[in-house]
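Asker: next one to model:
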Amino acid sequence: MTRVATVSGPLLALCLSMGACDQPAAPAASPAASDAPAPPPAASATPPPPVAPAPPSSATPAPLATPATKDELTDLAKRNNAFALDLYGKARLADGGKRNLAMSPFSISTALAMTWAGAKGDTAAQMAKVLHLDGATDRTLEIAGSLIASYGGAGQPVTIHIANRLFGEKTYAFEQPYLARLTSAFGAPLEPVDFKNHAEASRARINAWVATETRDRIKDLVPPSGVSAETRLSLVNAIYFLGDWDVPFVASLTHPAPFFTSKTDRKDTPTMHETEHLHFAATDGVKVLELGYSNSSIVMDFVLPDAVDGLGAVEARLTPAVFDAWMAAASSANVDVSLPKVELAPDGVPLGDTLSAMGMPLAFDREKADFTGIARPAVTGERVSVSNVFHKAFVKMDEKGTEAAAATAVMAVGAAMAPAQQPPKLFHADHPYLFFLRDIHSGLVLFMGRVVDPTSK
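Answerer: Sure, this is the predicted structure:
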């Protein structure tokens, strides 16, 4: 029996909100490129039709004139991971470290990179520093698009679906070179919507697209307050993963076992068991376990502190160097595994204040934000700025495998066997731990989070 591992991925929507102004924006200042997408249609007084779920996006990034090298892809993955750990370090403190947490830093960084592509001056510099981006903008975007494209294609042993889309106010004049750049690098088409006159219907349209791209795992990503008549653009990224584990858990071996949420508190939870040859390490005060997916470079890594109450201390020293050292320490061993079944569906959280505090406040400043690469309106009140970022996630682990989904909305307004005679190593996840869904080829972290109580969502 194989267990199906499904990760219906995080989604990030950035809705760029302008200052209140009833006047239409002036035409884009820069000329349209010859191969740029057509401008949005003119406004209409006719109410929009009922919202229906959108089909999965079919647009794909254009082939690169100069293909990204392995070193370029690995370097970008490292930069993404550095941002991921920075963001996790801030987000984990929002609830005092007492609740389950799941997120997709890759989805967040992808959508923010699409926004950064239209930033200028100090706004662009701040975003690049927070995102750990370096080098020419166009080449960075090309490499990012190449990384996304590398996960697609039919006939693969696992399915990784990545979709990008822009939802733009249909009366607003966006810079055509910017739209062309995102279409080429990220396969992100522009879909005109009527934020000005039908904000709620536009919100429903975005949420319907999100639900479709995440196989209905993420619903109502953009809250009622997430869009308004001032919203002009929403940039959306979605990821979906489906694959089989290399080694299945046997359902008949699952039984209740204690999980210690603290030194003194325990809860009985259904716990899966297996003894197999897996990648394992006991190092630096933690145990590391790697579970692979069939014929794939994608793995799930678990990091279990030695101390029952040690998760906070482990998280506090989590840096790219520490993380890389943990992953490098793992080697083949016979491992006795106990892993609780979990289903995590935490409430969506706003990340705007967190990102601002990380070093990019200008992006959220209505007066000073410079996104003139996205639009150059003649009316000052129509300038683009980011108002907030919303993130939502879902993770489920059982005998069949793993299912995870996440969503974020930024609103603007096989190894050799160990000797049989050796006793198995123990990896008993009976207290809070971390998890990372990772591509071992590039090192890119697609999902990450923590489990502090497997009985709670």
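Asker: surely Leu291 is in a strand?
Answerer: Yes. Counting by DSSP: H, G, I helix; E, B strand; the rest coil, Leu291 is found in a strand.
Asker: near Gly449, how many residues? Count them for me, please.
Answerer: Residue crowding around Gly449 was assessed by other C-beta atoms under 10 Å; the count is 23. From N, CA and C alone the C-beta is placed, and that goes for glycine too.
Asker: and the pLDDT for it?
Answerer: Looking at Gly449, its pLDDT reads 92.
Asker: can I assume it is in contact with Arg99?
Answerer: No. Judged on C-beta atoms under 8 Å, Gly449 makes no contact with Arg99 at a distance of 10.5 Å.
Asker: what sits up against the helix ranked longest in the chain?
Answerer: Ranked by residue count under DSSP state H, the longest helix found in the chain is helix 70-91. The contact list for helix 70-91, computed with C-beta atoms under 8 Å, 6 or more residues apart in numbering, reads 101, 103, 105-106, 108-109, 130-134, 140, 143-144, 146-147, 150, 315-316, 318-320, 323, 349, 351, 354-355, 357-358, 439, 442-445, 448.
Asker: if we go by neighbour counts, what in it is buried?
Answerer: Going by neighbour count (16 or more other C-beta atoms under 10 Å), the buried part of helix 70-91 is 72-89, 91.
Asker: so what secondary structure elements neighbour whichever helix or strand Val337 is part of?
Answerer: Using DSSP states H and E, Val337 maps to strand 331-340. Under the contact criterion of 3 or more C-beta pairs under 8 Å, 6 or more residues apart in numbering; DSSP states H and E, strand 331-340 touches strand 255-260, strand 266-283, strand 425-428.
Asker: turn those strands into CSV, columns for mean pLDDT, mean neighbour count and distance to Thr212.
Answerer: Below are these laid out as CSV (pLDDT from 0 to 100; neighbours: other C-beta atoms under 10 Å; distance: least, C-beta to C-beta, whole Å):
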stretch, mean pLDDT, mean neighbour count, distance to Thr212
strand 255-260, 97, 15, 35
strand 266-283, 95, 17, 31
strand 425-428, 97, 16, 37
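Asker: now the ones you listed in JSON lines, with distance to Ala113?
Answerer: Putting those into JSON lines (distance: least, C-beta to C-beta, whole Å) gives the following:
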{"stretch": "strand 255-260", "distance to Ala113": "38"}
{"stretch": "strand 266-283", "distance to Ala113": "31"}
{"stretch": "strand 425-428", "distance to Ala113": "36"}
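Asker: between the ones you listed, which gets nearest to Ala375?
Answerer: Nearest of the helices and strands packed on strand 331-340 to Ala375, taken as C-beta to C-beta: strand 266-283 at 48.4 Å.
Asker: how far is that closest one from where the chain is centred?
Answerer: With C-alpha atoms, centre = their mean, to the nearest Å as the basis, strand 266-283 stands 26 Å off its chain's centre.
Asker: who does that strand pair up with?
Answerer: The partner list of strand 266-283 in its sheet, established with DSSP bridges, is strand 255-260 (antiparallel), strand 286-292 (antiparallel), strand 331-340 (antiparallel).
Asker: tell me the most buried of the ones you listed?
Answerer: Counting by mean count of other C-beta atoms under 10 Å, strand 286-292 has the highest mean neighbour count of the strands paired with strand 266-283, with a mean of 22.
Asker: what's the average pLDDT for that strand?
Answerer: Computed over strand 286-292, the mean pLDDT rounds to 96.
Asker: with only the CA atoms kept, save that strand in CSV.
Answerer: Provided in CSV are the C-alpha atoms of strand 286-292 (Å, rounded to 0.1, in the frame of the first residue of the first chain):
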residue,chain,number,x,y,z
VAL,A,286,17.9,17.9,17.5
LYS,A,287,16.9,14.8,15.6
VAL,A,288,16.4,15.1,11.8
LEU,A,289,14.3,12.7,9.8
GLU,A,290,13.8,12.8,6.0
LEU,A,291,10.9,11.1,4.3
GLY,A,292,11.1,11.0,0.5
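Asker: who's in contact with it?
Answerer: With C-beta under 8 Å, 6+ apart as the test, strand 286-292 has contacts from 245-247, 278-282, 298-306, 314, 326-327, 329-330, 335, 337, 414, 426-427.
Asker: export only the CA atoms of the strand holding Val337, formatted as PDB.
Answerer: Taking Å, rounded to 0.1, in the frame of the first residue of the first chain, the C-alpha atoms of strand 331-340 are listed here in PDB:
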ATOM      1  CA  SER A 331      22.600   9.900   6.400                       C
ATOM      2  CA  SER A 332      21.100   6.500   5.900                       C
ATOM      3  CA  ALA A 333      20.100   4.600   9.000                       C
ATOM      4  CA  ASN A 334      17.500   2.100  10.300                       C
ATOM      5  CA  VAL A 335      15.000   4.300  12.000                       C
ATOM      6  CA  ASP A 336      12.100   3.500  14.300                       C
ATOM      7  CA  VAL A 337       9.600   6.300  13.500                       C
ATOM      8  CA  SER A 338       6.500   7.500  15.400                       C
ATOM      9  CA  LEU A 339       4.700  10.400  13.800                       C
ATOM     10  CA  PRO A 340       1.300  11.800  14.800                       C
END
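Asker: between the helices and strands packed on strand 331-340, which one is nearest to Glu175?
Answerer: Comparison of the helices and strands packed on strand 331-340 against Glu175 by C-beta to C-beta identifies strand 266-283 as nearest, at 47.3 Å.
Asker: how far out from the middle of the chain is the strand holding Val337?
Answerer: From the chain centre to the centre of strand 331-340 is a distance of 28 Å (C-alpha atoms, centre = their mean).
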